[in-house]
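output the structure for:
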Amino acid sequence: MLAFIAMRYLSHIKNKLNLFPKAHLIIFCALSGVLLVSQLLMQDSPKKRVSIPVPISIEKIEQEVVVVRAAKDATYHWKEETVRSGDSLARIFKRVGLSPGELHRIMASDKGTSALLKIHPGHKIRFGFDENNTLALLRYEPSLLEYYEVTRHTDDAEGAEGAEGSEAQTAAPTYHFEHIVKQPEIRLRYLSAEVTSSLFLAAQKADISQGLTMSIANILGGVVDFALDVRPGDTFDVLYEEKYLDNQKIGNGNILATSYTNQGEVFTAFRYEMEDGATGFFSEDGISMRKPFLRAPLDFTRISSNFNLRRKHPIHKKIRAHRGTDYVAPRGTPIFSAGDGRVLRSGYSRANGNYVFIRHGEKYTTKYLHLDKRYVKTGQRVKQRDVIGTLGSTGYSTGPHLHYEFLVNGVHRNPRTVFKKLPTADPVPKKERARFNEQIKYLKMHYENLQVASNNSVE
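The predicted structure is shown next:
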């Protein structure tokens, strides 16, 4: 398994080794050997959960940083304050017994200290005092992965002794400001599951978080309809990063690869970062998994009413065309812009309640009705998956839902079926195909080895 982690850095290593073909070959052979050994050792691992360890070098660096910080912390006695609603630095300094003058000297010491003004409720500020009960160190930690540190320095300047034997003068303290960003330990994990009823229940049983499951659905949602196409016996898997700090998991990182087998047809997506830093998910052939429009503009529970030109209206009890799809979900569920575009109209009407209309180029328009709240204004530009509002039940509505319409050249189309007729996003550019093919080749090889190992492991 260790081979795959090394592979994450392979493209970077290879760039450095292009001038040394022999060295490149030796490294790749070594990685392949490690992978083979790990395959043999993996036969007794659980089928649904495969963990991959971190490179030793990263762990060693993290340990050294922790040791140095712990040694420095041990020399002080600490007071910790949690930022409260309405707090200011002046209030917090007063609570720990520090003067306004001390605060002024700290803030004037470096432009970077302005970051200390951006405190939020719940954040921690720690004050380290020396044996003389003088502030020696201030540490503000807005997140687990970064902190701001102000260290006090006092320079003793000796005055020249004259005939009267003047004593040494002590200079005013100075402060050193530092912004530290901690690098989390990255561990890769491979998980797979079989669907018995729904994607989300299968993911839950396989210890796949809801957030990760939603990411998988978003990545593959352009090729698989997870609301209508899912069948018992379908399978899916994912290879992704987990972030650890001090040996404690603090969150997930990037998904590197994921696949879904739907009634025997396999859809696989690989993460690729382009030369300009943009990232996307593509098939092995470089076809983008992203579509210009989302299949559905929210994470919904069920569809209560489909596109139907002769539907009996639930309130007016008359036959009226239902020119959209009604999605049911809890009140307050985020509503996404289905694609890039500009807000054509954002307002309220008696029938539609809170609504948003978005124009996507010259040809397409999407409409979102009965919103609880609107987060965009008329004329505002939006990107795909920007949150434009929340689900509600305003206007002529019998309960919380989103009424979603899709128009092509001003004509209403069925949002559920028009999706398949829409153009796809751009593939990997020709100028990057060689680079893409080279990276995907290694990623695909290791990913498939993990799939084989998982299938051969003991339940």
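
CA only for contacts and neighbour counts going forward, please
OK.

distance between stretch 442-459 and the chain's centre?
25 Å (Cα atoms, centre = their mean, to the nearest Å).

ok, stretch 233-244 next?
Remark: stretch 233-244 is offset 15 Å from the chain centroid, using Cα atoms, centre = their mean.

export that stretch as PDB, just CAs?
C-alpha atoms of stretch 233-244 as PDB (Å, rounded to 0.1, in the frame of the first residue of the first chain):
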ATOM      1  CA  GLY A 233     -26.200  -5.300  -6.300                       C
ATOM      2  CA  ASP A 234     -24.500  -2.100  -7.600                       C
ATOM      3  CA  THR A 235     -21.100  -1.500  -6.100                       C
ATOM      4  CA  PHE A 236     -18.900   1.600  -5.600                       C
ATOM      5  CA  ASP A 237     -15.600   2.400  -4.100                       C
ATOM      6  CA  VAL A 238     -13.400   5.400  -3.300                       C
ATOM      7  CA  LEU A 239      -9.800   6.200  -2.700                       C
ATOM      8  CA  TYR A 240      -9.400   9.400  -0.700                       C
ATOM      9  CA  GLU A 241      -7.100  11.300   1.700                       C
ATOM     10  CA  GLU A 242      -7.600  11.600   5.500                       C
ATOM     11  CA  LYS A 243      -6.000  14.400   7.400                       C
ATOM     12  CA  TYR A 244      -4.400  13.700  10.800                       C
END
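
let me see the mean pLDDT of it.
Stretch 233-244 carries an average pLDDT of 94.

ok, and for that stretch, which residues are buried?
Across stretch 233-244, burial judged by 16 or more other Cα atoms under 10 Å covers Asp234, Thr235, Phe236, Asp237, Val238, Leu239, Tyr240, Glu241, Glu242, Lys243, Tyr244.

ditto for stretch 433-441
For stretch 433-441, a neighbour-count test (16+ other Cα under 10 Å) marks Phe436, Gln439, Ile440 as buried.

so what's the gap between it and the chain middle?
Offset of stretch 433-441 from its chain centre (Cα atoms, centre = their mean): 24 Å.

want to try JSON lines for the buried residues of stretch 433-441, with pLDDT as columns?
Converted to JSON lines, the buried residues of stretch 433-441 look like this (pLDDT from 0 to 100):
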{"residue": "Phe436", "pLDDT": "95"}
{"residue": "Gln439", "pLDDT": "91"}
{"residue": "Ile440", "pLDDT": "92"}
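
return the member of those nearest to Arg152.
Of all those, the one with the least separation from Arg152 (Cα to Cα) is Gln439, at 48.1 Å.

what about the closest one, distance to Val452?
To Val452, Gln439 is 20 Å away according to Cα to Cα, to the nearest Å.

sorry, back to before: now the buried residues of stretch 433-441 in JSON lines, with distance to Leu98?
Formatted as JSON lines, the buried residues of stretch 433-441 follow (distance: Cα to Cα, whole Å):
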{"residue": "Phe436", "distance to Leu98": "57"}
{"residue": "Gln439", "distance to Leu98": "55"}
{"residue": "Ile440", "distance to Leu98": "57"}
